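> I'll drop the sequence and a predicted model, then ask my questions.
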Amino acid sequence: MTKIIWIYLLLCSKLLFSQYEERIQEPVEVVSSRSIYLQSGIVSSIEGSSRSFVEVNLPPNTVRWYYSFTTSIYKKKLARINLMSQLVGLYTSNVGLKGNLQSKIEIPEGSCGIDIYVLDNENVTPFVKKRNYNHHIEGTVKNTEQAVVVIDDIKDEVLYLGLKNPARFIGVHINIEVVAIVETIIEQEKSAAVLKAELLGYAAKDEYENGNYTMSIAYCEKVNRITKLGWVTSIKGLSQLQLYDTDKALSTFFDAILLIKEQSNAENVFSNLIIELKKIRQEQPSIAEVDKIIKMVEMQVK
């Protein structure tokens with residue numbers, strides 16, 4: 001029965017899957033370079049303020065957003081960050097789609113530690129007036145001189161960055177910028193090469209389900225010579241696990257996770273992959289790396 005089902009899918013695949021969704025992620029500037037001065041705690045009781053805020057209006061379809069800042073005692077030494085131009089360069093070269101960018105963004109060195117909190121509309125006024133307030137844990141930094149911070153989970157349309165100078169005697173100049181990453185989904189026609197790769201991927205899955213793990217890997221490698229498909233790469237990793245080639249399997253799953261995250265149905269693929277991995281753990285508990293891989297995949301499902 002399995003053979004019949006897969007043969008039917010192979011014959012119908014061009015009709016069923018001739019289109020795909022391409023996800024395009026682009027930076028959008030939300031707050032351009034903004035300079036803010038915060039008084040010290042002692043002086044703010046007489047004039048000025050040791051707290052302020054920046055309103056963040058996130059555009060629709062924001063998938064994540066960044067804020068970066070640097071600090072200085074002297075306004076003349078406050079440097080521009082150019083967060084927008086740096087992110088445009090990284091996303092144009094597709095580096096932005098490959099994980100953590102914070103290490104690739106250059107931030108001018110600061111000299112004064114400040115606190116920054118992510119706030120909603122109800123808590124921004126209490127924060128500024130030094131009353132009781134609540135803030136999000138994600139995105140919070142404390143006593144930090146410069147940083148670039150990425151926020152994935154908090155994407156309300158209107159948020160606020162609450163800025164606080166914790167120093168009692170020294171005022172601080174701050175330069176801060178905010179950029180959102182906006183995702184657009186476009187329907188694209190698949191090329192003949194991609195369709196061929198998918199057919200080979202179905203063959204790899206069929207061989208895996210029939211216990212022909214070496215042949216399944218061979219089909220997966222044929223796919224990889226044409227294009228990179230996350231679900232096919234995961235089949236290769238499963239086959240390597242079944243053959244007790246755990247080091248290669250671990251490396252393969254690193255690649256699979258990055259590829260699957262770019263798919264529109266990523267959560268479903270990850271959920272099905274977890275089911276298959278748990279089945280392997282149950283049937284072959286001696287394969288040590290399975291638990292580690294399951295944890296890696298589970299981290300991708302929110």
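Looks like it arrived, so ask away.
> do you know the pLDDT at Tyr8?
Tyr8 carries a pLDDT value of 41.
> with Val232 instead?
For Val232, the pLDDT comes out at 92.
> before we move on, what about Asn94?
pLDDT, read off for Asn94, is 63.
> can you say which helix or strand has the spatially closest residue to Val54 that is not a sequence neighbour in it?
Excluding the flanking residues, the one nearest Val54 by Cβ to Cβ, 6 or more residues apart in numbering is Leu161, at 4.5 Å. Bear in mind the C-beta positions are built from the backbone N, C-alpha and C, glycine included. Assigned by DSSP states H and E, Leu161 falls within strand 158-164.
> other SSEs contacting whichever helix or strand comes after that strand?
Remark: after strand 158-164, the chain's next helix or strand is strand 172-189, criterion DSSP H and E. For strand 172-189, the packing partners by 3 or more Cβ pairs under 8 Å, 6 or more residues apart in numbering; DSSP states H and E come out as strand 19-38, strand 51-57, strand 62-72, helix 83-92, strand 158-164.
> list the strands paired with strand 172-189, with their directions.
Pairing partners of strand 172-189, with direction, according to DSSP bridges: strand 19-38 (antiparallel), strand 62-72 (antiparallel).
> could you check how far the shortest one is from the centre of its chain?
The chain centre lies 15 Å from the centre of strand 62-72; the measure is Cα atoms, centre = their mean, to the nearest Å.
> mind listing what's buried in it?
Counting neighbours by 16 or more other Cβ atoms under 10 Å, one finds that the buried residues in strand 62-72 are Thr62, Arg64, Trp65, Tyr66, Tyr67, Ser68, Phe69, Thr70, Thr71, Ser72.
> next, the angle from that strand to strand 158-164.
20 degrees (axes from the mean of the first three to the mean of the last three Cα atoms, to 10 degrees).
> mind saving the C-alpha coords of strand 62-72 as PDB?
The C-alpha coordinates for strand 62-72 follow below in PDB (Å, rounded to 0.1, in the frame of the first residue of the first chain):
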ATOM      1  CA  THR A  62       7.300  42.000  11.300                       C
ATOM      2  CA  VAL A  63       9.000  38.700  12.000                       C
ATOM      3  CA  ARG A  64      11.700  40.100  14.300                       C
ATOM      4  CA  TRP A  65      13.200  43.500  15.200                       C
ATOM      5  CA  TYR A  66      16.500  44.900  16.300                       C
ATOM      6  CA  TYR A  67      17.500  47.800  18.400                       C
ATOM      7  CA  SER A  68      21.000  49.000  18.900                       C
ATOM      8  CA  PHE A  69      22.500  51.700  21.000                       C
ATOM      9  CA  THR A  70      25.800  53.200  22.100                       C
ATOM     10  CA  THR A  71      26.500  55.700  25.000                       C
ATOM     11  CA  SER A  72      28.900  58.400  25.900                       C
END
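> can you give me the angle that strand makes with helix 83-92?
Here strand 62-72 points in a direction 140 degrees away from that of helix 83-92 (the same axes, to 10 degrees).
> excluding chain neighbours, what is closest to Ile107?
Here the residue nearest Ile107, using Cβ to Cβ, 6+ apart, is Gln146, at 4.8 Å.
> again, but for Leu259
Gly230 (3.2 Å).
> pretty sure the one you found sits against Phe270.
No. Counting by Cβ atoms under 8 Å, Gly230 does not reach Phe270; the two are 9.6 Å apart.
> list residues touching both of the two?
Taking Cβ atoms under 8 Å, 6 or more residues apart in numbering as the contact criterion, the common neighbours of Gly230 and Phe270 are Ile260.
> who's more crowded, the two?
Each of Gly230 and Phe270 has its neighbours counted (other Cβ atoms under 10 Å); Phe270 has more, 23 against 20.
> list the contacts of that one.
Ile260, Val297, Gln300, Val301.
> so what's the residue count around the last one?
Meaning Val301. By the criterion of other Cβ under 10 Å, Val301 has 13 neighbours.
> and Asn210, how far is that from Asn134?
55 Å (Cβ to Cβ, to the nearest Å).
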